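Build me a structure from this.
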Amino acid sequence: MEFDINAYRSAVTVLALVLFVALMVWTWQRKRQSAFEEAAQLPFLDPDVADPPSPERQ
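Numbers count the residues shown, from 1 in each chain. Below you'll find the predicted structure:
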């Protein structure tokens, strides 16, 4: 069986689709919900709490 460039392109496309679906399944799992909710609140945290000043910045 000889593979040409179109066979490789098809394989890469199928692989990308499988990886995309796997990523969607991983992100929509219920056990990940608390981690994502916590990460969603990071922009609203007090800057002094989220990023304590280092000695160089004082």
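
Tell me the spacing between Glu37 and Arg30.
12 Å (Cβ to Cβ, to the nearest Å). For the C-beta atoms, the positions are set from N, CA and C on the backbone; glycine is no exception.

of these two, who's got more company?
Glu37 (9 against 6; other Cβ atoms under 10 Å).

three-state assignment of the more buried one?
What DSSP: H, G, I helix; E, B strand; the rest coil gives for Glu37 is helix.

pLDDT wise, what is it at?
With respect to pLDDT, Glu37 scores 89.

From the opening residue of stretch 25-43 to its closing one, how far?
25 Å (Cα to Cα, to the nearest Å).

again with stretch 20-37
Distance across stretch 20-37, first residue to last, is 22 Å (Cα to Cα).

For it, give me every contacting residue.
With contact meaning Cβ atoms under 8 Å, 6 or more residues apart in numbering, stretch 20-37 is reached by no other residue.

Going by neighbour count, which residues in that stretch are buried?
For stretch 20-37, a neighbour-count test (16 or more other Cβ atoms under 10 Å) marks nothing as buried.

and it, how far out from the chain's middle?
On the basis of Cα atoms, centre = their mean, to the nearest Å, stretch 20-37 sits 9 Å off its chain's mean C-alpha point.

Next, give phi and psi for Thr13.
phi -60, psi -40 (degrees, to the nearest 10).

any idea how far Phe36 is from it?
29 Å.

Kindly report the same for Ala16.
In terms of Cβ to Cβ, Ala16 sits 23 Å off from Phe36.

what mean pLDDT would you report for the helix or strand harbouring Ala7?
Per DSSP states H and E: Ala7 is located in helix 5-27. For helix 5-27, the mean per-residue pLDDT is 95.

cool, and stretch 40-50?
76.

how much space between Asp4 and Pro43?
Applying Cβ to Cβ to Asp4 and Pro43 gives a distance of 49 Å.

for Leu23, same thing?
Taking Cβ to Cβ, one finds Leu23 at 23 Å from Pro43.
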